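Peer 1: Attaching a predicted model along with its sequence, questions to come.
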Amino acid sequence: MDEAKRELVQSWLLNASDDLGLARLATAHDRAFPAGVVYHCQQAAEKALKGFLVFRDQEPPRTHNLISLLQQVAAIEPEFLGWEEAAARLTPYATRYRYPSAALTRPDSDQVDEALGDAACIYNQVLSYLPPEVHPETTDTGAD
């Protein structure tokens, strides 16, 4: 693998790890940031899946739809189909709480916990299919 490709894949994965780390950090704070947490969880899963696609020489689509991304990934590695429910739960968080709306709802603690688990599982699944040389030097795998 050439150096430019390795760096690009690693960059996608590092950004995914950063999003997951930010989500975890926000939950550890005295003041809860549930909307930010679920947003960063969606972003972590999205960037990890896009990193996988780049590694497999696929152009990642400009989408926040994790179901669509997961289907593209599963066409290469069918085991990813097992994460469709997680992708369906995370996808709406790309926009649901990002902009003002008449409904002043926030994700509850169960949604936050579920989003963290879903994002970590998708991220770790991606890492498990990629060689260590593309893994970012610092990763948030969910292991404490």
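Peer 2: Cool, the structure landed.

Peer 1: Helix, strand, or coil at residue 137?
Peer 2: coil (DSSP: H, G, I helix; E, B strand; the rest coil).

Peer 1: Pull the number of nearby residues for residue 134.
Peer 2: Per other CB atoms under 10 Å, the neighbour tally for residue 134 reads 21. To be clear about C-beta, it is placed using only N, CA and C from the backbone, and glycine gets the same treatment.

Peer 1: Contacts only, for it.
Peer 2: Contact partners of residue 134, counting by CB atoms under 8 Å, 6 or more residues apart in numbering, are 1, 6, 9-10, 13, 51, 55.

Peer 1: of those, buried ones?
Peer 2: Neighbour-count burial (16 or more other CB atoms under 10 Å) applied to the contacts of residue 134 gives 9-10, 13, 51, 55.

Peer 1: Work out for me the element the most centrally placed residue in the chain sits within.
Peer 2: What sits nearest the mean C-alpha location of the chain, by CA atoms, centre = their mean, is residue 45, with 1.4 Å. Per DSSP states H and E, residue 45 falls inside helix 34-55.

Peer 1: Can you pull the poorly scored residue ranges out of this protein?
Peer 2: Along the chain, the parts satisfying pLDDT under 70 run over 102-104, 138-144.

Peer 1: in it, which spans are strands?
Peer 2: Per DSSP state E, the chain carries no strands over any range.

Peer 1: ok, back up a step: quickly name whichever of the buried ones among the contacts of residue 134 is closest to residue 85.
Peer 2: Within those, the smallest distance to residue 85 is 21.5 Å, found for residue 51 (CB to CB).

Peer 1: The closest one reaches residue 5, doesn't it?
Peer 2: No - between residue 51 and residue 5 there is no contact under CB atoms under 8 Å: 11.0 Å.

Peer 1: could I get the contacts of residue 134 as JSON lines with distance to residue 120?
Peer 2: Shown next, in JSON lines, are these (distance: CB to CB, whole Å):
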{"residue": "1", "distance to residue 120": "26"}
{"residue": "6", "distance to residue 120": "24"}
{"residue": "9", "distance to residue 120": "19"}
{"residue": "10", "distance to residue 120": "19"}
{"residue": "13", "distance to residue 120": "13"}
{"residue": "51", "distance to residue 120": "15"}
{"residue": "55", "distance to residue 120": "19"}
